[in-house]
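> Output the structure for:
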Amino acid sequence: MATKQVYTDSFFESLNKLTGIPMRKIKDYAKENNPFNILEHPMVVEPNDRQLEKIGKLKEFLASYNVLKMTQENERIKFTSPQDAGKYFTSILGGMKDKERILVAFLDNSNSIIETKIISEGGINMSIVYPRDILKMAIANDCSNILMAHNHPGGSTNPSKEDIDLTQRIVNIFKPLDINVIDHIIVGGYSFSSMAENGILPSKSMDLANYQPINITRTNVLSEPYEAQKEVLANEEELEM
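So this is what the prediction gives:
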């Protein structure tokens, strides 16, 4: 009940500021009537011409907002599987051979994209990531989950040790904040692999959050993908337990 009153008061104050209708008139009308009538049937409060014009503009804005919101909801990209994420990031990174680009998609609790940002652009075999910048972006987006992706200019979709270490560093930062790293997609040419799908995605915080810049030099792409790294991750999780 208290929460409803807070929102009611806020609505009255906003209506007063946006339309110029006196607060006293709004509250007097709302004592025995539905206050939404002031927007839907503005003549009930006998507005002057200026107030009526402002009410009209406010109604136009609300109508445009609602239509745009419905359209955007239908168009929002939602990840329901590693394949969805892989196709999305391949459309952005596929065929890129002149540089390595690292992206993060910030997601809501339904895994729909709020925003996708480039967090690093490097050369063919080197890049640098600034964890503080990723944290600032995550907070600004009020996200629930994040999904990482980057390309290998050489064409391999196998994750390197550096890729695993980078992902673990990001997990160490976000896991204590209840923000999950749900996957890391590796794009090579027009193909991709998913750390989550291949069972090598770090899922637990293994160390204190470290916000120092991360320098990535490509020296060790896994030639026998996944199995050895799976065993390492399993051993780390057993030690943590």
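
> Just want the phi and psi numbers for the residue with the largest distance to the centre of the chain.
When distances to the mean C-alpha position of the chain are computed (CA atoms, centre = their mean), the maximum falls on Glu46, with 45.0 Å. Main-chain dihedrals, Glu46, degrees, to the nearest 10: phi 50, psi 60.

> Let's see the pLDDT reported for it.
Each residue has a pLDDT score; the one for Glu46 is 92.

> check contacts around the residue nearest the centre of the chain.
What sits nearest the mean C-alpha location of the chain, by CA atoms, centre = their mean, is Phe106, with 2.0 Å. Shown in contact with Phe106 (CB atoms under 8 Å, 6 or more residues apart in numbering): Ile113, Ile114, Glu115, Thr116, Lys117, Met137, Ala138, Asn141, Cys143, Ile146. In short, each C-beta sits where N, CA and C put it, glycine included.

> of the residues you listed, buried ones?
Listed as buried from these are Ile113, Ile114, Thr116, Met137, Ala138, Asn141, Cys143, Ile146; burial here means 16 or more other CB atoms under 10 Å.

> In a helix, the fourth one, correct?
Yes. Checked against DSSP: H, G, I helix; E, B strand; the rest coil, Met137 lies within a helix.

> From one end of stretch 188-201 to the other, what's the distance?
One end of stretch 188-201 sits 18 Å from the other (CA to CA, to the nearest Å).

> Please, which helix or strand holds Ile113?
Following DSSP states H and E, one finds Ile113 within strand 113-121.

> Could you identify the helix or strand that succeeds that strand?
strand 126-129.

> Just give the strands next to that next one in its sheet, each with its orientation.
Within its sheet, and counting by DSSP bridges, strand 126-129 is paired with strand 214-217 (antiparallel).

> What are the contacting residues of the strand it pairs with?
In contact with strand 214-217 (CB under 8 Å, 6+ apart) are residues Glu100, Gly122, Asn125, Met126, Ser127, Ile128, Val129, Tyr130, Pro131, Glu162, Leu166, Arg169.
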